[in-house]
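Participant: No letters, just coordinates:
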Ligand SMILES: C[S@@+](CC[C@H](N)C(=O)[O-])C[C@H]1O[C@@H](n2cnc3c(N)ncnc32)[C@H](O)[C@@H]1O
């Protein structure tokens, strides 16, 4: 996707699924505006001030789906702020329910293209960015729709602190190869794997995601890649 296309708010993939239940629609109306990042506002000098809870670091999850992984991580790391991005409204509604029910005050949200947030963030402001089971766009003519692109990796490198991590998981072999090839063109992103088990096995504390469970059910082997920003 070109910058011009992203700026017009174009997104591949769906924004809406089945009709929301009344409670979900209410949360979208009442809670999302309180937690949604306002990208028209100036970015805070200190990103940690975005959160109601005191946090020492800020992470971002791109395309959190139903929010299972993000909610787990936010619950397990109360001293870290999480920016969760998901344009699919039904997923957002699910995540809002989890945030509400668990009383999480270390999560902020954005319901459109994560590239917008990456552009808005101050340079070197994030400790970690997760991109877990991104939409695969498996056909060659669809590859250009993939979230991983030279353009987006540059945005990721800019937003990460030195020593910060970009974590990527996918069960689509061509997307894993695609990501490794694109990262090789970013001299400031270094793949940390030293042995096959480092990418064959999920990282410590990994709670799983819905798409991972589907991949395993369908007998596809996922890969878990950790890149460090030099
Ligand atoms: C295959 S799902 C994976 C969801 C979740 N990470 C999981 O593993 O269960 C990919 C998600 O990325 C979201 N997505 C697609 N393009 C995006 C973009 N440009 N910015 C943020 N999220 C995006 C989709 O709406 C979808 O929910």
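Facilitator: Structure's in. What do you need? Quantities reported herein were computed from a predicted structural model and do not represent experimental measurements.

Participant: who touches the spatially most central residue of the chain in this structure?
Facilitator: Central residue of the chain (CA atoms, centre = their mean): residue 62, 1.5 Å from the mean position. Going by CB atoms under 8 Å, 6 or more residues apart in numbering, residue 62 touches 85, 114, 129, 130, 131, 134, 147. The way it works is simple: take the backbone N, C-alpha and C, and place the C-beta from them, glycine included.

Participant: Looking at these, which are in strands?
Facilitator: Counting by DSSP state E, the part of those found in strands is 85, 129, 130, 131.

Participant: Using neighbour counts, pick out the buried residues of the strand of greatest length in the chain.
Facilitator: Using DSSP E, we find that the single longest strand of the chain is strand 160-170. Of all the residues in strand 160-170, those buried under the rule 16 or more other CB atoms under 10 Å are 160, 164, 165, 166, 167, 168, 169, 170.

Participant: cool, and stretch 63-79?
Facilitator: 63-75, 77.

Participant: And for stretch 100-109?
Facilitator: The neighbour-count check on stretch 100-109 (16+ other CB under 10 Å) flags 104, 106, 107, 108, 109 as buried.

Participant: does the ligand sit close to it?
Facilitator: No. On the criterion CB under 6 Å from any ligand atom, stretch 100-109 is out of touch with the ligand, staying 11.1 Å away.

Participant: quick one: that stretch to chain centroid distance?
Facilitator: 16 Å (CA atoms, centre = their mean, to the nearest Å).

Participant: and what of stretch 76-94?
Facilitator: Centroid separation for stretch 76-94 versus its chain: 9 Å, with CA atoms, centre = their mean.

Participant: Endpoint to endpoint, it covers what distance?
Facilitator: One end of stretch 76-94 to the other measures 19 Å (CA to CA, to the nearest Å).

Participant: quick one on the thing from earlier: check which helices and strands the longest strand of the chain is in contact with.
Facilitator: Under the contact criterion of 3 or more CB pairs under 8 Å, 6 or more residues apart in numbering; DSSP states H and E, strand 160-170 touches strand 126-132, helix 173-184, strand 223-229.

Participant: So what touches that strand?
Facilitator: Outside strand 160-170, the residues that reach it (CB under 8 Å, 6+ apart) are 124-134, 136, 148, 156, 176, 179, 189, 202-203, 209, 212, 222-230.

Participant: and those residues, which are buried?
Facilitator: So, by 16+ other CB under 10 Å, the buried ones in the contacts of strand 160-170 are 125-134, 136, 148, 156, 176, 179, 189, 202, 209, 212, 222-227, 229.

Participant: Name the next helix or strand downstream of the top helix by length along the chain, please.
Facilitator: Longest helix in the chain, counting residues (DSSP state H): helix 89-102. Using DSSP states H and E, the helix or strand that follows helix 89-102 in sequence is strand 107-110.

Participant: Report the separation between residue 212 and residue 75.
Facilitator: Distance of residue 212 to residue 75, given as CB to CB, to the nearest Å: 18 Å.

Participant: follow-up on the earlier one: same for the ligand: which of the buried residues of stretch 63-79 are within range?
Facilitator: Among the buried residues of stretch 63-79, the residues within reach of the ligand (CB under 6 Å from any ligand atom) are 63, 64, 65.

Participant: can you pull the contacts of the last one?
Facilitator: Residue 65 makes contacts with 86, 88, 91, 133, 209, 210, 211, as judged by CB under 8 Å, 6+ apart.

Participant: With that, I have no additional questions.
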